[in-house]
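Colleague: Quick one: sequence and predicted model below, then my questions.
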Amino acid sequence: MKLYIKYMVSNRCKTAVKEELKKLRLHFMVVDLGEVEIMENISVEQREQLQRALLVTGLELMDDKRAILIEKIKTVIIEMIHHTDEIIKTNFSDFLSEKLNHDYTYLANLFSEVQGTTIEKFIISHKIEKIKELIIYDELTITEIAWKMNYSSVAHLSNQFKKVTGLSPSHFKQLKNKRRSPIEEI
C-alpha cells in the first residue's frame, strides 16, 4: 500500500517517518521523499495515529490526488536540485513530464493554480538556496557552481542570484551572517 506524505523533503524526514511506522508496527518496503510503501493494508485507526504522529513532526498524510501530484512535482525538483550530483541534460519541463508521466502544461497549470507561483519560480528559488549552500561551503568557484547548477554562464547565474537575493554571489560570499532558508520553507 502506498501512502503520500506532504512536506517530506529531506533524509531527516525519511528517518522520522520510518520511526513512526516502526512505532505503529507497520512494515515498510520503501520510504522515499513524499511517499511510503508499506507491506500491509492500514486500518482507519492506524492511519489516524500515523497522521497525528506525522503532524507533530511537521509532516502530513495526503489523500487528494491533486495535492499528491503537487507534492510529487516538488519532490522531483527538490531531489534534482538538492540531493543529486547528476547534471540534468534536458530542460526541466521535459524532465518533469517524463518523470511524472504528465504533460508539462497540465503540471504547470495545476502547480500555479494550487501553489500561487510557477514551477519555474519554485525551481529558481531552490537553485538559489543550493547556490547559497555551495558558496557557504566555499569548495567551488562561482564558475564551477554555474556549471554544476546547469547555468549557461556565470553572468546568467549572477543575474538570477542578484534578482532573487538583491546581492551578487561575491557580495553574498563576503557576508558574515549568510542567510539560508530551510528547504521546506521555500
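Modeller: Nice, I can see it.
Colleague: so residue 62 touches residue 4, yeah?
Modeller: Yes. Judged on Cβ atoms under 8 Å, residue 62 makes contact with residue 4 at a distance of 4.5 Å. Yep, even glycine has a C-beta here, placed from its N, CA and C like the rest.
Colleague: Spit out the residues that contact those two alike.
Modeller: 68, 71 (Cβ atoms under 8 Å, 6 or more residues apart in numbering).
Colleague: And residue 144, how close does it get to residue 154?
Modeller: Distance of residue 144 to residue 154, given as Cβ to Cβ, to the nearest Å: 10 Å.
Colleague: mind listing the strands for the protein?
Modeller: 2-6, 28-32, 35-38, 60-62 (DSSP state E).
Colleague: Any idea which of those gets closest to residue 172?
Modeller: Among these, strand 2-6 comes nearest to residue 172, with 30.8 Å by Cβ to Cβ.
Colleague: Tell me what angle the closest one forms with strand 28-32.
Modeller: 30 degrees (axes from the mean of the first three to the mean of the last three Cα atoms, to 10 degrees).
Colleague: Can you tell me which helices and strands strand 2-6 packs against?
Modeller: Using 3 or more Cβ pairs under 8 Å, 6 or more residues apart in numbering; DSSP states H and E, the elements in contact with strand 2-6 are strand 35-38, strand 60-62, helix 65-82.
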